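In: Turn this into a model:
(one chain, ligands or ions: 2)
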Amino acid sequence: MNNPAPNTLPLRGENIIAVASGKGGVGKTWFSITLAHLFARAGRRTLLFDGDIGLANVDVQLGLTTQYDLGSVFSGQRLMKDCVTHYEQGKFDILAGRSGSTSMASLGAARMQPAAEQLVALAAEYDYVIIDLGAGIEQHVQVMSALASKVIVVLTDEPTSLTDAYAFIKLCVTRENPPAIHVVVNQAASQKEGESTYAAINRATENFLKFSPQLLGVIRKDNKVKDSIRSQTSIIDKAPHTTAASDVATISIKLMKKE
Ligand SMILES: Nc1ncnc2c1ncn2[C@@H]1O[C@H](COP(=O)(O)OP(=O)(O)O)[C@@H](O)[C@H]1O
Ligand SMILES: [Mg+2]
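Out: Ligands and ions are numbered 1, 2, ... in the order given. Here you go, the predicted structure:
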């Protein structure tokens with residue numbers, strides 16, 4: 001009698017991972033692409049969803065021209081499954097966002113609901129769905145992140161990144177059915193520096209939220225990241241053994257171990 005009716009349960013996919021940051025410019029999109037590529041290399045059927053509605057750039061970082069994007073899904077013109085682009089080089093699928101579409105960023109939760117339902121249904125066709133969330137904690141970011149059973153918060157040692165990541169974690173933790181929350185420290189000068197950045201966010205969440213997110217990994221600063229983005233090529237194709245790529249590989253293995 002105390003169980004809620006099934007249709008009141010929050011919509012969520014067990015295999016959906018949301019990549020969040022709070023602050024923009026920390027490397028969230030680059031990390032999402034690299035993780036998707038590594039999952040695909042390991043034989044996992046992977047979909048990368050560009051949830052940075054309004055500032056979409058998965059396709060830009062990969063130099064990909066897509067026929068359809070999420071704009072037509074949110075406007076109800078097309079079904080999400082018909083807008084999937086296969087990224088042949090990486091052997092994973094992409095749902096491209098639409099850059100510069102500011103109206104998208106202000107979509108209300110009600111208008112996002114059909115797309116959210118379609119994404120959860122589509123997730124059944126994949127081993128992993130990675131959502132590259134938008135920056136900030138606006139409603140569309142919250143709606144998309146609520147679909148994930150796992151959230152990876154990417155942060156750097158910049159004070160604004162830490163405060164914004166804290167705000168995002170607080171939102172997740174205080175939700176009725178919180179997802180598993182992991183932290184990835186990016187652009188770290190060293191593993192040790194990365195760990196101390198994690199310690200700083202962990203201190204804040206322990207003190208104020210009585211919650212400790214897991215450190216999923218540290219990604220070191222590496223000039224090859226900029227090079228690969230500039231040449232619109234995945235780092236897994238351009239420099240698979242470089243420091244930052246191998247740090248993401250360690251993270252991908254850790255995630256696959258939990259399968
Ligand atoms: N590990 C790293 N080492 C060096 N530079 C990085 C690293 N990760 C990201 N960057 C830099 O950060 C910039 C922003 O990355 P992006 O993925 O677009 O961030 P976001 O999606 O968080 O806005 C990239 O252009 C790249 O130059
Ligand atoms: Mg981005």
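
In: Would you indicate which residues of the one helix or strand residue 224 maps to are buried?
Out: Element membership of residue 224 [criterion: DSSP states H and E] is helix 223-230. Of the residues in helix 223-230, those buried under the neighbour-count criterion (16 or more other Cβ atoms under 10 Å) are 225, 228-229. (C-beta placed from N, C-alpha, C; glycine too.)

In: Please work out which residues outside that helix touch it.
Out: Where contact means Cβ atoms under 8 Å, 6 or more residues apart in numbering, the residues beyond helix 223-230 that reach it are 27, 30, 61, 234-235, 238-239, 242-245.

In: Show me what whatever helix or strand residue 154 lives in is packed up against.
Out: Per DSSP H and E: residue 154 is located in strand 148-155. Where contact means 3 or more Cβ pairs under 8 Å, 6 or more residues apart in numbering; DSSP states H and E, strand 148-155 is packed against strand 13-20, helix 28-41, helix 159-173, strand 180-188.

In: Spell out which parts of this structure neighbour ligand 2.
Out: Residues of the chain that fall close to ligand 2, judged by Cβ under 5 Å from the ion: 29, 52.

In: follow-up on the earlier one: tell me, which of the buried residues of helix 223-230 make contact with ligand 1?
Out: Applying Cβ under 6 Å from any ligand atom, the subset of the buried residues of helix 223-230 adjacent to ligand 1 comprises 225, 229.

In: In CSV: the buried residues of helix 223-230, plus pLDDT.
Out: Putting the buried residues of helix 223-230 into CSV (pLDDT from 0 to 100) gives the following:
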residue, pLDDT
225, 97
228, 96
229, 95
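
In: which one of the buried residues of helix 223-230 is nearest residue 37?
Out: Among the buried residues of helix 223-230, residue 228 lies closest to residue 37 (Cβ to Cβ), at 10.9 Å.
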